[in-house]
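# Just need the structure, nothing else, for what follows:
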Amino acid sequence: LKGTVPAVRVGFTAFAVLGPDGLSELMAILQFAKNLGYYVMLEAPYIISPMMATAVAQSVFGEDAIYPCDGLIVTAYPGSDVIKPFLPYVKDGKKDLFCVVRTSNKSAPELQDLLSGSRQVHVAAADQINRFGADMTGKFGYARISVVAGANSADSLKNLRSKYPRLFLLVDDIDYSGCNAKNCSFGFDKFGHGAAICAGPTITQAWKTAETDGSDYLEQALTAAERMKKNLIRYTTIM
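Take a look at the predicted model:
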């Protein structure tokens, strides 16, 4: 997929449930992806305390990181004291933090779209992330601490993009029911910048969709990734 996709996203929990061998494979895959030149994202386990946040920050961003990655995906909802331990690594300009504010599962609106005063809960979470990122921008003008939002809510993506022009949006779960390229396009700014689209099974399990025996899984993955790029370009002007 080199030259077709720019980044690799790996989920910690998916490997942790496999036991010690799974975690060994996780470390190997992260390093392999970095050696290939990909931007590497790690989806962290759920973190609910400052002490655990500090330990995770050291294990993924520290000098002796055992889970090497360029960006870490965490949830924003435990609050600021769970976000702050990661900020020193972001401020030095070497690492990025992506905070989940709006998910794609069907029941997400039950809590995440509730009103908190005049704001929806997920917008209140994005407000906090926006404040953290105000003085931590990269060379292209986007904050190095950004948000993750589900691809199934076009209205949410439109709102986040217009309200936070300097926040990078990691648009998640294009594989989910109700998610599509048109929805994803609302995460980009008017120049076609400021967002990345995450796809999992659409690419990794493309051979199942094609109903082959799996021996051509590499070719099917590449075909699926290229098809997805073409679909996105239909709705997004990149300048």
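
# Would you check the distance separating stretch 159-176 from the middle of the chain?
Mean-position distance between stretch 159-176 and its chain equals 10 Å (C-alpha atoms, centre = their mean, to the nearest Å).

# same question, stretch 194-204
When C-alpha coordinates are averaged (C-alpha atoms, centre = their mean), stretch 194-204 and its chain have centres 9 Å apart.

# Centre-most residue in the protein?
residue 170 (4.6 Å; C-alpha atoms, centre = their mean).

# how about the residue of the chain most remote from its centre, what does it touch?
Distance from the centre of the chain peaks at residue 213, with 30.5 Å (C-alpha atoms, centre = their mean). Contacts of residue 213 were listed using C-beta atoms under 8 Å, 6 or more residues apart in numbering, and they are residue 207. Every residue, glycine included, has its C-beta placed from N, CA and C.

# Phi, psi for it please.
Dihedral pair for residue 213: phi -90, psi 0, per degrees, to the nearest 10.

# Wasn't the residue nearest to the centre of the chain part of a strand?
Yes: the assignment for residue 170 is a strand, going by DSSP: H, G, I helix; E, B strand; the rest coil.

# which residues sit in contact with it?
73, 98, 146, 147, 148, 149, 195, 196, 198.

# hang on, the third one packs against residue 129?
Just to be clear, that refers to residue 146. Yes: counting by C-beta atoms under 8 Å, residue 129 is a contact partner of residue 146 at 7.1 Å.

# more crowded one of these two?
Under the neighbour definition other C-beta atoms under 10 Å, residue 146 and residue 129 were set side by side, and residue 146 has more, 30 against 22.

# And the helices in the protein, which stretches?
For the chain, the helices defined by DSSP state H cover 12-16, 20-35, 50-61, 80-83, 87-91, 109-112, 121-132, 154-163, 181-185, 201-204, 206-209, 217-235.

# Output the third one as CSV, nothing but the C-alphas.
What that stands for is helix 50-61. Taking C-alpha atoms only, helix 50-61 is exported to CSV below (Å, rounded to 0.1, in the frame of the first residue of the first chain):
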residue,chain,number,x,y,z
PRO,A,50,-3.6,10.6,35.3
MET,A,51,-1.2,8.0,36.6
MET,A,52,-2.1,5.6,33.8
ALA,A,53,-1.9,8.4,31.3
THR,A,54,1.6,9.2,32.4
ALA,A,55,2.6,5.5,32.1
VAL,A,56,1.1,5.2,28.6
ALA,A,57,2.7,8.5,27.4
GLN,A,58,6.2,7.2,28.5
SER,A,59,5.6,3.8,26.9
VAL,A,60,4.6,5.2,23.5
PHE,A,61,6.3,8.6,23.3
